[in-house]
Structure formats: C-alpha cells, structure tokens
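Enquirer: turn this into a structure:
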Amino acid sequence: MRMQEPEQWQTSQEYNEGYSADSVHYSAGYESELEQKIYPQKSRWLDGTALAIFAIIFSSIGFFLTVVCIVASAIVLQFGHAQQAVLVGGIIGLLSSIGALLMCVAIFVIAVVTLALRTRRVRRRVRIGA
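Expert: Model (predicted):
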C-alpha cells in the first residue's frame with residue numbers, strides 16, 4: 001500500500017530508465033578503472049624510463065671526469081717528489097677518484113639493468129595482450 005498521491009507514483013518504465021542510466025554511468029566508470037589496471041597509463045612508464053636514461057647519461061659523464069682526475073693525480077704523483085703536501089694531495093685525489101669511478105660504474109650498471117628489465121616486462125605485456 002502506497003502513501004503517495006497517484007500523480008507522484010513512478011511507472012515501472014520510468015523507474016527502469018533511471019536505473020539503467022545510473023548503471024550505465026557506474027559500469028562506464030568501472031570499465032575505465034578496470035582498463036587502467038590492465039593497461040596502465042604510459043606516464044608512469046615514461047617517468048621510470050626517463051630516470052634510468054638520465055642516470056646513464058650522468059654516470060657516463062661522471063665516469064669520464066673521474067678518469068681525467070685519475071690521470072691528473074698520476075701526473076701530480078709523478079712530478080711532485082720534493083713536496084710532501086703535493087704527494088699527499090695526489091694520493092687523496094687518486095683514491096677519491098677511484099671511489100667516484102666505482103660509484104659511477106655501479107650507478108650505470110644498475111640503470112642499464114633496470115631499463116632492460118623494464119623493457120622486457122613491457123614487451124612481455126604487449127605480447128600477452130596481442
């Protein structure tokens with residue numbers, strides 16, 4: 001038993017139209033969310049790739065700068081026989097340049113491996129989707 005006036009009653013057709021419009025809107029939002037989970041936006045992928053590429057570039061530059069510093073330290077050690085301070089500076093420069101060289105090589109290797117694994121993962125995902 002309804003307590004409303006007959007003019008306020010909704011017909012079943014009007015009710016179904018309103019319900020189907022809401023469900024279409026909800027299902028479209030759900031499909032968009034599901035599509036985002038299956039095929040994530042490329043911006044995340046590009047951010048990680050750009051970071052790896054910048055790491056490779058900067059570690060390469062650092063590598064060549066440390067090689068230059070090692071050569072400069074070797075020259076200082078070769079011609080600084082008379083002065084104790086110059087020899088100590090050459091040894092400190094040589095050791096710090098070798099340490100920086102190892103750090104640059106480590107960063108380079110990690111960035112290349114990360115980039116290769118990311119590319120492999122994307123190719124596998126594309127192959128599965130095709």
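Enquirer: show me where this protein has helices.
Expert: Secondary structure of the chain by DSSP state H: the helices cover 12-38, 42-79, 84-129.
Enquirer: what about L51, neighbour count?
Expert: When neighbours are defined as other CB atoms under 10 Å, L51 has 13 of them. For every residue, glycine as well, the C-beta is placed using N, CA and C.
Enquirer: hang on, the earlier thing: confidence-wise, which of the helices of the chain is weakest overall?
Expert: Looking over these, mean pLDDT reaches its minimum on helix 12-38, with a mean of 56.
Enquirer: quick check: chain neighbours aside, which residue is closest to A72?
Expert: Excluding its sequence neighbours, the residue lying closest to A72 (CB to CB, 6 or more residues apart in numbering) is G93, at 7.1 Å.
Enquirer: isn't that neighbour up against C69?
Expert: Yes - between G93 and C69 there is a contact at 6.3 Å, judged by CB atoms under 8 Å.
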